[in-house]
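Visitor: Here is my input, please return the structure:
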Amino acid sequence: MIVFSVTSHGRLDRLIQPRRQDPEQGVRQPVPRRYTLLIVDPVTGVEHRFTIYARRLMVVAGLVLLLPILAGLAIRWSTHAETAALRATAATLQAENESFRAMTRALTDQLDSVQSAVAQLSVESKLDPDSARALARLPAAVRSGAMGGTATSTPIARSVLAPTLASPDDTFGMLREVLGRLGSRLDLVRHDVQRRAALAASTPSIWPAQGYLSAGFGRRLDPFHGELAHHSGIDISAPKGQPVYATAAGTVTAAGWNGDYGNMVTIDHGFGLVTRYGHLQDYSVKPGDKVERMQPIGRIGATGRATGPHLHYELLVNGQMTNPLRLLAGSRR
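Guide: From the prediction side, this is the model:
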C-alpha cells in the first residue's frame with residue numbers, strides 16, 4: 001500500500017523561519033507558500049517528495065479555467081468572420097443578380113424588337129397572287145437590279161457561337177451579339193422586302209380596261225393597208241367612254257396628243273418599267289401626277305389612227321418593247 005501525505009509549508013515557515021533579506025533594499029521577503037506531496041511505499045519504505053508552489057498552482061488552475069473561455073472567444077470570432085464573409089458573398093451575389101436581371105431585361109427588349117421586325121417583315125413580304133405572278137415573270141435583270149443583290153456575311157451561328165463560353169457574362173454577351181447581328185441582318189432583309197414590295201407595286205399586273213383582246217403583240221396585218229407590220233402593244237376593244245386604269249403605281253410623264261396614238265398617257269413605274277395608253281377619248285391626269293394601281297387615268301376613245309374605240313396598251317422594259325400579256329396573263333378582271 002502506498003501512503004500519500006500533503007503538508008502545507010506556508011504559514012509554519014513564516015513562524016519558524018526568518019524572512020529572507022533583500023540585499024539591495026534591506027527588506028525581508030516572505031517565503032512563497034508551497035505544498036509538499038509525500039508518497040511512501042510501506043513495504044520498502046521508499047519516500048517520494050513533490051513540492052508544489054501555490055502561486056504556480058493558481059496560474060495553472062487559472063489557465064485551465066481560461067481555456068474554455070478562450071476557446072469560446074475563438075469560436076465566436078471564427079463564426080463572426082464566417083458570417084461577415086457570407087454577408088459579403090451574399091452582397092456580391094445580389095449585385096450580380098441585379099446585373100443579370102438588367103441584362104435579361106435588355107435582352108428581352110432586344111428580342112421583342114427582333115420578333116416585331118420579323119412579324120413586320122412577314123406582313124410586308126406578302127403579295128397578292130396577281131402581283132406575285134407578274135413579279136415572277138419580270139426579266140431577271142429587272143428583279144436583280146431592284147433587289148440590289150445584298151451580300152451575305154459569315155453565318156451568325158458559326159461566327160458568334162464558335163468561342164467557348166466561360167461565364168454568364170460571356171453568355172449574355174454572346175446573346176447580345178447574336179441579336180445585334182440578327183437585327184442588322186433583318187434590316188438588310190427589310191430593305192430587300194421593301195424594294196420587292198415597291199417593285200411589285202410598280203409592276204403592271206392588271207388589265208387597263210374591261211373589254212376583249214382585239215389585237216396582240218407582234219406581227220399582224222395592218223388594218224389600214226393590209227400588210228404585215230409589227231404591233232408594239234395590245235388592243236383592248238371596249239365601248240367608248242369606258243374607264244382606263246393605271247396598271248401599276250408610278251408617275252405620269254406625258255399626257256396629251258401624240259400623232260397616230262391620239263390622246264396618250266405615259267406612266268413611268270420605276271425599275272425601268274413604262275406603260276403607254278393610246279387612242280383615249282380624254283384623260284384625267286397631267287405630267288408629274290403620282291398614280292396608284294387601278295386609279296382611273298382616262299376613257300376609251302378612237303383618237304389618232306384608229307378604226308374604232310379601243311385602248312392601245314404598250315409596255316416597255318428597260319426601253320425595250322415587251323408583250324404586255326407576259327405580265328397580264330391570268331389577271332384579267
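Visitor: Quick one: low-confidence residue ranges for the stretch 151-300 of the chain.
Guide: Low-confidence segments of the stretch 151-300 of the chain (pLDDT under 70): 151-174, 176, 179-180, 183, 186, 188, 223-227.
Visitor: got the buried residues for stretch 238-249?
Guide: Residues of stretch 238-249 classed as buried under the neighbour-count rule (16 or more other Cβ atoms under 10 Å) are Ala238, Gln242, Pro243, Val244, Tyr245, Ala246, Thr247, Ala248, Ala249. Using the backbone N, CA and C atoms, a C-beta is placed for each residue, glycine as well.
Visitor: Narrow those to those in helices?
Guide: Per DSSP state H, helices hold no members of those.
Visitor: Nearest to Arg49 among these?
Guide: Ala249 (126.8 Å; Cβ to Cβ).
Visitor: Tell me who's in contact with the closest one.
Guide: Listed by Cβ atoms under 8 Å, 6 or more residues apart in numbering, the contact set of Ala249 reads Ala201, Ser202, His269, Lys290, Val291, Glu292, Arg293.
Visitor: got those residues as JSON lines, with neighbour count columns?
Guide: What follows is the contacts of Ala249, written out as JSON lines (neighbours: other Cβ atoms under 10 Å):
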{"residue": "Ala201", "neighbour count": "18"}
{"residue": "Ser202", "neighbour count": "24"}
{"residue": "His269", "neighbour count": "24"}
{"residue": "Lys290", "neighbour count": "11"}
{"residue": "Val291", "neighbour count": "21"}
{"residue": "Glu292", "neighbour count": "11"}
{"residue": "Arg293", "neighbour count": "20"}
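Visitor: mind putting the buried residues of stretch 238-249 in JSON lines, distance to Leu182 included?
Guide: Formatted as JSON lines, these follow (distance: Cβ to Cβ, whole Å):
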{"residue": "Ala238", "distance to Leu182": "52"}
{"residue": "Gln242", "distance to Leu182": "51"}
{"residue": "Pro243", "distance to Leu182": "47"}
{"residue": "Val244", "distance to Leu182": "47"}
{"residue": "Tyr245", "distance to Leu182": "42"}
{"residue": "Ala246", "distance to Leu182": "39"}
{"residue": "Thr247", "distance to Leu182": "38"}
{"residue": "Ala248", "distance to Leu182": "33"}
{"residue": "Ala249", "distance to Leu182": "32"}
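Visitor: tell me the helices in the stretch 151-300 of the chain, going along the chain?
Guide: 156-160, 168-202 (DSSP state H, counting those that start in this stretch).
Visitor: Roughly how far does Asn258 sit from Val252?
Guide: 13 Å (Cβ to Cβ, to the nearest Å).
Visitor: Report how many residues lie close to Asp222.
Guide: By the criterion of other Cβ atoms under 10 Å, Asp222 has 11 neighbours.
Visitor: Could you measure from it over to Leu325?
Guide: 20 Å.
Visitor: One more: Pro296?
Guide: 22 Å.
Visitor: More neighbours: these two, which one.
Guide: Leu325 (17 against 13).
Visitor: for the chain, which helix is longest?
Guide: helix 54-124.
Visitor: and after that one, which helix or strand comes next?
Guide: Sequence order places helix 129-137 as the next helix or strand after helix 54-124, per DSSP states H and E.
Visitor: what's the average pLDDT for that following helix?
Guide: Helix 129-137 shows a mean pLDDT of 75.
Visitor: Show me what that helix is packed against.
Guide: With contacts taken as 3 or more Cβ pairs under 8 Å, 6 or more residues apart in numbering; DSSP states H and E, helix 129-137 sits against helix 168-202, helix 325-328.
Visitor: buried sites along the top strand by length along the chain?
Guide: Using DSSP state E to define each element, the chain has its longest strand at strand 273-283. By neighbour count on 16+ other Cβ under 10 Å, the buried set for strand 273-283 is Leu273, Val274, Thr275, Arg276, Tyr277, Gly278, His279, Leu280, Gln281, Tyr283.
Visitor: So this protein: which segments form each domain?
Guide: 3-72, 100-202, 212-328 (automatic domain parsing).
Visitor: More neighbours: Asn258 and Val252, which one.
Guide: Val252 (19 against 16).
Visitor: Any figure for the gap between Leu93 and Ser237?
Guide: Applying Cβ to Cβ to Leu93 and Ser237 gives a distance of 84 Å.
Visitor: between those two, which one's more packed in?
Guide: More neighbours surround Ser237 than the other of Leu93 and Ser237, with 17 against 10 (other Cβ under 10 Å).
Visitor: right, and that one touches Thr307 too?
Guide: No - Ser237 is not in contact with Thr307 according to Cβ atoms under 8 Å; the separation is 9.9 Å.
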